[in-house]
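In: The following block contains a protein sequence and its predicted model.
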Amino acid sequence: MKSDKNKKEQKQLIMVSLICLIILSFLISTFSSVSVKADELVEVQNQIDDLLAQKENVAYERSLVEADLYGLQNLKTTSEDSLAWLNERNTEQQEAYTALKEKQDLILTVQASYLENLDVSKQNYDTKVEQYGDRIETMFGMHNKSIFELFLESDSLEGFFTSVKFMRIITDEDEAALEDLEEAHDNLIQLTQDTQVIIDENNQELDEIDEILAGIEADINYQIEEITLLDTSISDLEGQIDLFVASESEIQWALAEADANMARIEEEREAERLAAEQAAAEAAAAAEAEAARLAAQATQPVDPMTQPEFDDSVGGYPVVEDPGYVEDPQVEEPIPSEPQIVQEPVYYGSGLAWPVPSSYMITSYFGYRTFGGYSDFHTGTDIGAPTGTPVVAPAPGTITYAGWMDVGGNTVMIDHGNGMTSMYCHLSGFGCSVGQVVSTGETICYIGSTGFSTGPHLHYEIRINGVSVDPLTYY
């Protein structure tokens, strides 16, 4: 009975050791695989950290440039307001200048008329003086004779008085006419002087307006030059911002791929862990079942005549009578079942299927584009269609990303192999999951207007070895 008890204990010890060896082998295999995956995760995480640092740096530099751009745009607005005010003021001064010129021209015309009348009056006056002089000299021939001399030369006293009276009448008229002419002459001289004063004042005012207009025109030219320089600087800054936007798009794309890789590694780790745990559990269950079977055999009565010296009931391993020594059995560890490897499709070239079978309306092409006064490089092709329109895979591939992106909104990415990747943005919903293998024409998502979008459409993008290419080259 003591020998049977020792044999039973030895068998149980062997089975326990066997179970421990099986579990240990699976743990070693699992830990080895987990360690490799952990290294991959660390590498991907470092890549993500670097990309995030780059993205933060680009965003910071972009914010500085945008601040400069904002300041320049404010300066341009101020300069344009000043220019508008100067142009308005210049127009007002020009109108005042024109009015003064018209006034001066009118004054000069009136002055010319007065001067002409003055000349005519002077000529009439001179003619009258000459006529009166000739007449007196002809009629009396005594322009310088005295009254006594006229009396002696008269035929009678009556004739004398008649001659004297006539001379006085003529002299009085001549004196009156002379006084009128002199008065007219004085008036014309005064008018000429007054007119000249007005002309001088107008000329002074016109000179002042000319000086003001020259200053305004100088200010206008300066403002125009300033606005030209500001436009050039603004254009340069907008170009820098376009480069920053392109860099951010590149970084966002790389982050999406890194996130997809991390998700894939995590899923592979989890799948391997579950498979190892399941295999270890199955092996342990099998060992326990075997131990139970052997324990059941050990409880049965043993016929010493029929029982051999060596008990081969435990897997053919001999049991020694000495309970203090047990030969280490050479246990053949069960090989864990490996997860089935899915052969991923590989793109080998040629044409692609159109991603939106129900719509061929292209709303924006690949390349540089301008909208709302803003210019950027469009890295894909936009296809317009109503929200909820199905989108299909253009070629076989594996889904590497299905989630949210800052600019693209809901986004799906497919790895087609041989360096080709396709991306679908602004989606309203998903029809696939990460790790899923899809075939040509299989629905993967639905059109929407999420993220930075002006309306329902699909942003369809293709990259070859990480470089964006025109999707239409494949159609």
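Out: Thanks, I have the structure now. Numbers count the residues shown, from 1 in each chain.

In: Could you name the helices and strands sitting against the lengthiest helix in the chain?
Out: Scanning the chain for the longest helix, with DSSP state H as the assignment, gives helix 157-298. Secondary-structure packing of helix 157-298 (3 or more Cβ pairs under 8 Å, 6 or more residues apart in numbering; DSSP states H and E): helix 2-140, helix 147-153, strand 374-378, strand 397-405, strand 409-417, strand 420-430. In this view, the C-beta of every residue, glycine as well, is placed from N, C-alpha and C.

In: Would you mind splitting the chain into its domains for me?
Out: Here the domain parsing of the chain from automatic domain parsing is 1-323+332-341, 346-474.

In: mean pLDDT lowest for which of these?
Out: Ranked by mean pLDDT, the domains of the chain end with domain 1-323+332-341 at the bottom, a mean of 70.

In: OK, contacts around residue 213?
Out: By Cβ atoms under 8 Å, 6 or more residues apart in numbering, the contact list for residue 213 reads 90, 93-94, 97.

In: again, 6 Å this time
Out: Each residue near residue 213 by Cβ atoms under 6 Å, 6 or more residues apart in numbering is listed here: residue 93.

In: right, and residue 69 touches residue 236 too?
Out: No. Assessed by Cβ atoms under 6 Å, residue 69 is found out of contact with residue 236, at 9.5 Å.

In: Looking at these two, which one has more neighbours?
Out: residue 69 (17 against 14; other Cβ atoms under 10 Å).

In: so how far is residue 254 from the more buried one?
Out: Residue 69 sits 27 Å away from residue 254, taking Cβ to Cβ, to the nearest Å as the criterion.

In: and residue 55, what does it touch?
Out: Residue 55 makes contact with residue 251, according to Cβ under 6 Å, 6+ apart.

In: can you tell me how far it sits from residue 245?
Out: In terms of Cβ to Cβ, residue 55 sits 12 Å off from residue 245.

In: anything in contact with each of those two?
Out: Common contact partners of residue 55 and residue 245 (Cβ under 6 Å, 6+ apart): none.

In: Tell me, how many residues neighbour residue 218?
Out: 11.

In: I'd like the numbering to begin with 738 instead of 1 from here.
Out: Sure, I'll start numbering at 738, so the last one becomes residue 955.

In: how near is it to residue 961?
Out: Taken as Cβ to Cβ, the span from residue 955 to residue 961 is 11 Å.

In: same check, this time on residue 1206
Out: In this view, residue 1206 and residue 961 are 44 Å apart by Cβ to Cβ.

In: the more surrounded of the two?
Out: Using other Cβ under 10 Å as the criterion, residue 1206 and residue 961 rank with residue 1206 on top: 16 against 13.

In: give me every residue that touches that one.
Out: Contact analysis of residue 1206 by Cβ under 6 Å, 6+ apart lists residue 1199.

In: can we see that at 10 Å?
Out: The neighbours of residue 1206, taking Cβ atoms under 10 Å, 6 or more residues apart in numbering as the test, are 1103, 1116-1117, 1157, 1198-1200.

In: Show only the entries of those found in strands.
Out: Among those, the residues falling in strands (DSSP state E) are 1157, 1198-1200.

In: want to throw these into a markdown table with distance to residue 1008 and neighbour count?
Out: Shown next, in a markdown table, are these (distance: Cβ to Cβ, whole Å; neighbours: other Cβ atoms under 10 Å):
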| residue | distance to residue 1008 | neighbour count |
| --- | --- | --- |
| 1157 | 26 | 22 |
| 1198 | 30 | 24 |
| 1199 | 30 | 25 |
| 1200 | 28 | 18 |
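
In: Closest one of these to residue 1089?
Out: The nearest member of these to residue 1089, counting by Cβ to Cβ, is residue 1199 at 8.1 Å.

In: if I look at the residue nearest to the closest one when sequence neighbours are not counted, how far off is residue 1186?
Out: Leaving aside its chain neighbours, residue 1199 sits nearest to residue 1208 (4.7 Å; criterion: Cβ to Cβ, 6 or more residues apart in numbering). Distance, residue 1208 to residue 1186, using Cβ to Cβ: 20 Å.

In: Verify the stated contact: residue 1121 with residue 1100.
Out: Yes. Using Cβ atoms under 10 Å, residue 1121 is in contact with residue 1100, at 4.4 Å.

In: Which neighbours do those two have in common?
Out: Here residue 1121 and residue 1100 have 1192, 1194-1195 as joint contacts, going by Cβ under 10 Å, 6+ apart.

In: Would you format the residues you listed as a markdown table with secondary structure included?
Out: Output for the shared contacts of residue 1121 and residue 1100, formatted as a markdown table (DSSP: H, G, I helix; E, B strand; the rest coil):
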| residue | secondary structure |
| --- | --- |
| 1192 | coil |
| 1194 | strand |
| 1195 | strand |
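
In: Buried only: go through those for me.
Out: Burial by neighbour count, 16 or more other Cβ atoms under 10 Å: within these this picks out 1194-1195.

In: sorry, back to before: turn the contacts of residue 1206 into JSON lines, columns for distance to residue 1141.
Out: Shown next, in JSON lines, are those (distance: Cβ to Cβ, whole Å):
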{"residue": "1103", "distance to residue 1141": "24"}
{"residue": "1116", "distance to residue 1141": "19"}
{"residue": "1117", "distance to residue 1141": "18"}
{"residue": "1157", "distance to residue 1141": "24"}
{"residue": "1198", "distance to residue 1141": "16"}
{"residue": "1199", "distance to residue 1141": "21"}
{"residue": "1200", "distance to residue 1141": "20"}
